[in-house]
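[1] What follows is a predicted protein model with its sequence.
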Amino acid sequence: MKRDTFHELQLRLELKFKQIKLLKQAFTHTSYVNEHKHGSIEHNERLEFLGDAVLQLLVSEYLFTTYPQRPEGELTRMRASLVCEPSLAQFAERLELGAHVLLGRGEEQLGGRHRPALLADLFEAFIGAIFLDAGIERTRLFLQTHMFPFIESNDNGLLVKDFKSKLQERAQHYGLGSVEYRIAEERGPAHDREFVVDVYVGDRVCGSGVGRTKKEAEQRAASQAWHSLSAE
């Protein structure tokens, strides 16, 4: 991966790695290392191991806080539905991580860049790299921005959905007008900020959401609006 693509990735995801070597390692597949044995390149499997543990902890904390009435067994099932291969691959795809992974020629030809198992492992390795580079708080903020807002509870566990996209599609399909997100309130100290966002469809407020980040609040507002409009 060229340095400028590292730069683009960090800008897009609002990250600034102090140790670029960690970022590169997170995106280095074993097939690439096997074809470049003359170098000192490290693959991402150790970071994947660490990222898995970090995800287990932060997802558990999120579920424990978000669903205070759910029993232990149900929380365990919900966590399993979030940290499984299909869900993690979806998050990796949403963040376009596959475009940056370093692959060997054989793996590239076999379509590894879009293989769910590889993408899920890549997501875990990326989380492990963020944790080592910036610590637990920055990793938590990253997940609050790029993972937790896309989670919705249902009877069978948890679903991964992008309600902002779904709301936009519904508004366009039915000619409901433009979709606009407005911050209604910011509360709490700088280190523990909470945002309240209203979403307007056309000229009316159709949903409101609260979150630790603007993106999280927008997703929750979009979820409320989408369900509200679907019931009309």
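    Sure thing, it's come through.
[2] and the helix or strand encompassing residue 133, what other elements does it pack with?
    Residue 133 is part of helix 116-134, with elements assigned from DSSP states H and E. Helix 116-134 sits against helix 20-26, helix 45-66, helix 85-94, helix 136-146, with contacts defined as 3 or more Cβ pairs under 8 Å, 6 or more residues apart in numbering; DSSP states H and E. Every residue, glycine included, has its C-beta placed from N, CA and C.
[3] Quick one: list the elements packing against the third one.
    If contacts are counted by 3+ Cβ pairs under 8 Å, 6+ apart, helix 85-94 sits against helix 116-134, strand 157-160.
[4] cool, and the longest one?
    With contacts taken as 3+ Cβ pairs under 8 Å, 6+ apart, helix 45-66 sits against helix 20-26, helix 72-82, helix 116-134, helix 136-146.
[5] residues in contact with the closest residue to residue 176 other than its chain neighbours?
    Nearest non-adjacent residue to residue 176, counting by Cβ to Cβ, 6 or more residues apart in numbering: residue 201, 5.1 Å away. Residues in contact with residue 201 (Cβ atoms under 8 Å, 6 or more residues apart in numbering) are 167, 171, 176-179, 225, 229.
[6] So which helix or strand of this protein has the lowest pLDDT on average?
    In the chain, no helix or strand scores lower on mean pLDDT, DSSP states H and E than strand 157-160, which sits at a mean of 69.
[7] Done for today, thanks.
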